[in-house]
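>>> Fold the following, please.
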Amino acid sequence: MTVVINGKRKEIPRKMNVKELIEHLNYQNSGVAVAVNMTFIMIAAYEKTLLREDDEVEILGPVQGG
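Numbering: from 1, shown residues only. As a prediction, this is how the structure comes out:
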């Protein structure tokens, strides 16, 4: 299955929910914000949000400022 992650097309091995995708990409689950097709996904909904072919996923990690 192909999805767009942070602007780049990526092949993932199977249909996944957001939580599974984050784990597959080795992100820390609680340390990121995720939007699917420009809609912010709350952490509580990661397991319920199934990805579909050609979905656009943005994964934002924490940014350190100063």
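
>>> Could you pull up the contacting residues of Ile22?
Neighbouring residues of Ile22 by C-beta atoms under 8 Å, 6 or more residues apart in numbering: 29, 32, 34, 46, 59. Where you see a C-beta, it was placed from the backbone N, CA and C, and this is true even at glycine.

>>> buried subset of the residues you listed?
32, 34, 46, 59 (16 or more other C-beta atoms under 10 Å).

>>> Please produce JSON lines containing those, extended by secondary structure, distance to Lys19 and pLDDT.
JSON lines is the format used below for those (DSSP: H, G, I helix; E, B strand; the rest coil; distance: C-beta to C-beta, whole Å; pLDDT from 0 to 100):
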{"residue": "Val32", "secondary structure": "coil", "distance to Lys19": "11", "pLDDT": "91"}
{"residue": "Val34", "secondary structure": "strand", "distance to Lys19": "9", "pLDDT": "97"}
{"residue": "Tyr46", "secondary structure": "coil", "distance to Lys19": "4", "pLDDT": "96"}
{"residue": "Ile59", "secondary structure": "strand", "distance to Lys19": "12", "pLDDT": "96"}
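
>>> out of these, who's nearest Phe40?
When the buried ones among the contacts of Ile22 are compared for distance to Phe40 (C-beta to C-beta), Val34 comes out closest, at 7.5 Å.

>>> Please tell me I have it right and the closest one contacts Met42.
No: counting by C-beta atoms under 8 Å, Val34 sits too far from Met42 to count as a contact (9.1 Å).

>>> sorry, back to before: any idea which of the contacts of Ile22 is the one closest to Gly65?
Using C-beta to C-beta, the contacts of Ile22 come closest to Gly65 at Val32, 16.9 Å.

>>> Doesn't Glu58 belong to a strand?
Yes: remark: Glu58 belongs to a strand, assigned using DSSP: H, G, I helix; E, B strand; the rest coil.
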